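In: build the 3D model from these lines:
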Amino acid sequence: MQIRSIPTIRTFSSPLSPVLLPWITPIKRNRLITGRFFHHFPRFLHSPHHHPQFEPRGTIIPEKRVPGIPKNCIASERVGKQVRNYEVEKVQRKKYYSSRSLSHITTTTMDSSGKKPDYYANLPAPPEPGTPLLKEDVTVALIQLASGSNKAANLQNAREKVLAAAKEGGNIVVLPECFNSPYGTQYFDQYAEVLTPSPPSSDQSPSFAALSAMAKEAGVYLVGGSIPERESDSELQKRLSSSSSSSSPQTNEDDKKSRLYNTSLIFSPTGTLLSTHRKIHLFDIDIPHKIRFKESEVLSPGSHLTILDFPPYGRVAVAICYDIRFPELATIAARRGAFLLLYPGAFNLTTGALHWELQARARAMDNQVFVGLCSPARDMGATYHAWGHSMLVRPNAEVLGSLEEKEGTLIKKLEAGRIEEVRSGIPIVTQRRWDVYPDVSGVYGR
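Out: Numbers count the residues shown, from 1 in each chain. Coordinates of the predicted model:
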C-alpha cells in the first residue's frame, strides 16, 4: 500500500493565511494521514508552488519485510528548505496502520450464515518452490465443434471428434461452451440437465453419461466444454431451508424455482468425474447497435474456482468464457500451481474480433502459463454467431496454434520446462511486492 507522507505547511501566499494557519496546522498533522479532511481544501493551501518538484514525497512502508526487496528510500530527504525524516514517519505511520483492520478499504462478502467465506478452503496448496508446474510433455486437443438443435446428434458428433483427437495423440481434450445445444438464453431451460446426485442417470443427464463414456473409451482427460445445468430438487430444498434459517431478506418467487447454471464437467481417463465448474461471471453485455446479451436473465452464477490435478502432468484450471475477463481467477490458479488455464468460450463477432486473442495472450503473459481457448464453430444460420478461432498460447504470450472459424481440431504439444524457462528470463513471480498490494491468491503469508 502506498502511503503519502504527511504534507507540511511551509508558506502561504493566501491573504487568509494569518486566520487559517493556527488551526489548519494541527488538523493537517492529525487528519491528513487518512486523506479524509484536507483534500476538501483548495490546492493553494497545500503549497504556494504547486509543482511536482515541490510536492512532499511519500515512501512505501512494508508491514512485513520480504527477502530481496530493498529498504525504503533514504533516511531523510531535503524538500525545499525542510528536511523530511523518513525513519520517524515510518514509525508513526506503521503504528497508526497496525491498529486498523483492512475493513476500511475492502468489501467483505458474507455467506447466508453471516460468516465470511473461506475463499481458499477447496483450493490446492501452492507448489513447493522449484517444483516444475508441467512435469512432462502433454498434448492438448481443442475441438471446435459445430452444434445444432439436436442434442443426440451433438453428442454423437462430439464423441467422434474426441476419439479422433485421442488417436492423434491428445492427452487432454477440450470441448467448447454449450457443445450439446445451441447457445442462447432462450435455449438454456430447454436443454438443461440435472447433474446431482452424482452420477446422475442417463435419463437425467445424457450429456454426463456420454462424456464419461467418451473419456473412458478414448483414455483421455476430457474437459466437457459446458452444458446447461438445472438445480436438483435436493439442492433447491437445501438452499431454501438455509435461506429461511438465516437473517437474509425473504426469498421471492424466482428464488423458489430451480436455478440454471452454465456448467463444465471434467472427467478422468477412466470416465470418473473429477470436478464441475459453474460459470462464475455471467455474460451480461450491451454494446449499442451491435449486441445485447444477458445470461443473468436465465442463469445463476457459480461460486467456486476449479483447479484440479491431471496426473502425471500437473494442475489445470478450468473456467468458462466470460470468466477470462477477470484476471483474478487466472492469477489464483497460476499461483496455486496450474500449468494450463482452459476456457471453453463462445465469444461473438463483436467481442471476438476485439478481445479473443488479446485476452488469451494477456492471461498467459500475466501469469506465465499455458492458456487454451476452445470456441464453438461459427454458424451464420444460428441465432448466435460464435467467433471460433480456438487457440493455444505459450507462457511468453506467443500463439502456439489457432483455428479459423470453421469446425476443426487444434492439437499441440505443451513442452515441460517451458514455463520455468520463461519465468527465469522475466522473473515476475519472484518480483511481486506483497508489501505494496495484497496477494489475491492467498499464498503469501501462509
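In: below-threshold pLDDT in the stretch 51-200 of the chain: ranges please.
Out: Low-confidence segments of the stretch 51-200 of the chain, defined by pLDDT under 70: 51-117.
In: which stretches of it form strands?
Out: Along the stretch 51-200 of the chain, counting by DSSP state E, counting those that start in this stretch, strands occupy 59-60, 76-79, 82-85, 138-144, 172-174, 193-194.
In: for the last one, name the packing helices and strands.
Out: What it means is strand 193-194. On a contact count with 3 or more Cβ pairs under 8 Å, 6 or more residues apart in numbering; DSSP states H and E, strand 193-194 meets helix 206-218, strand 227-230. Bear in mind the C-beta positions are built from the backbone N, C-alpha and C, glycine included.
In: how close does residue 305 sit to residue 120?
Out: 9 Å (Cβ to Cβ, to the nearest Å).
In: the more surrounded of those two?
Out: Higher neighbour count among residue 305 and residue 120: residue 305, with 20 against 15, using other Cβ atoms under 10 Å.
In: distance check, that one against residue 419.
Out: Distance from residue 305 to residue 419, by Cβ to Cβ: 20 Å.
In: and the residue nearest in space to the middle of the chain, helix, strand or coil?
Out: In the chain, the C-alpha nearest the mean C-alpha coordinate belongs to residue 329, at 2.1 Å (Cα atoms, centre = their mean). The three-state label given to residue 329 by DSSP: H, G, I helix; E, B strand; the rest coil is helix.
In: what's the distance between it and residue 197?
Out: 28 Å.
In: before we move on, what about residue 152?
Out: From residue 152 to residue 197 the distance is 24 Å (Cβ to Cβ).
In: could I get the full set of helices for the stretch 51-200 of the chain?
Out: Secondary structure of the stretch 51-200 of the chain (DSSP state H, counting those that start in this stretch): helices at 86-98, 151-167, 185-191.
In: buried residues, the longest one. List them.
Out: Going back to what we said before, that points to helix 151-167. 151, 154-155, 157-159, 161-166 (16 or more other Cβ atoms under 10 Å).
In: list of residues touching it?
Out: Here helix 151-167 makes contact (Cβ atoms under 8 Å, 6 or more residues apart in numbering) with 141, 143, 145-148, 173, 175, 179-181, 191, 206-207, 210, 213-215, 217-220, 222, 409, 411.
In: got the angle for that helix vs helix 206-218?
Out: Interaxial angle of helix 151-167 relative to helix 206-218 (axes from the mean of the first three to the mean of the last three Cα atoms, to 10 degrees): 20 degrees.
In: how close does the residue nearest to residue 258 when sequence neighbours are not counted sit to residue 138?
Out: Spatial nearest neighbour of residue 258, excluding adjacent residues (Cβ to Cβ, 6 or more residues apart in numbering): residue 231 at 4.3 Å. For residue 231, the distance to residue 138 under the criterion Cβ to Cβ works out to 34 Å.
In: which one's more surrounded, the two?
Out: Higher neighbour count among residue 231 and residue 138: residue 138, with 23 against 19, using other Cβ under 10 Å.
In: contacting residues around the more buried one?
Out: Shown in contact with residue 138 (Cβ under 8 Å, 6+ apart): 171-172, 310, 313, 413-414, 416.
In: give the bridge partners for it, please.
Out: residue 414 (DSSP bridges).
In: ok, it to residue 408 distance?
Out: Separation of residue 138 from residue 408 (Cβ to Cβ): 20 Å.
In: these two touch, right, residue 319 and residue 341?
Out: Yes: Residue 319 lies in contact with residue 341 (Cβ atoms under 8 Å); the separation is 7.3 Å.
In: which neighbours do these two share?
Out: residue 330.
In: show me where the stretch 301-446 of the chain has its helices.
Out: Using DSSP H, counting those that start in this stretch, helices in the stretch 301-446 of the chain cover 327-335, 349-351, 357-367, 418-425, 428-431.
In: buried residues, the last one. List them.
Out: Using 16+ other Cβ under 10 Å as the test for burial, helix 428-431 gives residue 429.
In: check the residue lying closest to residue 126 once chain neighbours are set aside and give its pLDDT.
Out: Nearest non-adjacent residue to residue 126, counting by Cβ to Cβ, 6+ apart: residue 443, 4.7 Å away. pLDDT recorded at residue 443 is 89.
In: ok, residue 443 - contacts?
Out: Residue 443 neighbours (Cβ under 8 Å, 6+ apart): 126, 335-336.
In: restricted to buried residues, select those in PyMOL.
Out: Filtering those down to the buried ones (16+ other Cβ under 10 Å) takes a single PyMOL command:
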select buried, resi 126+335+336
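In: possible to save the contacts of residue 443 as JSON lines with distance to residue 393?
Out: Output for the contacts of residue 443, formatted as JSON lines (distance: Cβ to Cβ, whole Å):
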{"residue": "126", "distance to residue 393": "23"}
{"residue": "335", "distance to residue 393": "18"}
{"residue": "336", "distance to residue 393": "19"}
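In: would you mind giving the domain segments of this structure?
Out: Domain assignment for the chain, taken from automatic domain parsing, gives 2-104, 138-431.
In: so which of the ones you listed is the most packed in?
Out: domain 138-431 (a mean of 19; mean count of other Cβ atoms under 10 Å).
In: quick one: it to chain centroid distance?
Out: 13 Å (Cα atoms, centre = their mean, to the nearest Å).
In: before we move on, the earlier item: between the helices of the stretch 301-446 of the chain, which one is closest to residue 401.
Out: Residue 401 sits nearest to helix 357-367 of all these, at 11.7 Å, using Cβ to Cβ.
In: same for that closest one, what does it pack against?
Out: Packing partners of helix 357-367 (3+ Cβ pairs under 8 Å, 6+ apart): helix 327-335, strand 338-344, strand 370-374, strand 391-393, strand 399-402.
In: CSV for these, including mean pLDDT?
Out: Output for the helices and strands packed on helix 357-367, formatted as CSV (pLDDT from 0 to 100):
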stretch, mean pLDDT
helix 327-335, 97
strand 338-344, 98
strand 370-374, 98
strand 391-393, 98
strand 399-402, 98
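In: of all those, which one is nearest residue 435?
Out: helix 327-335 (16.8 Å).
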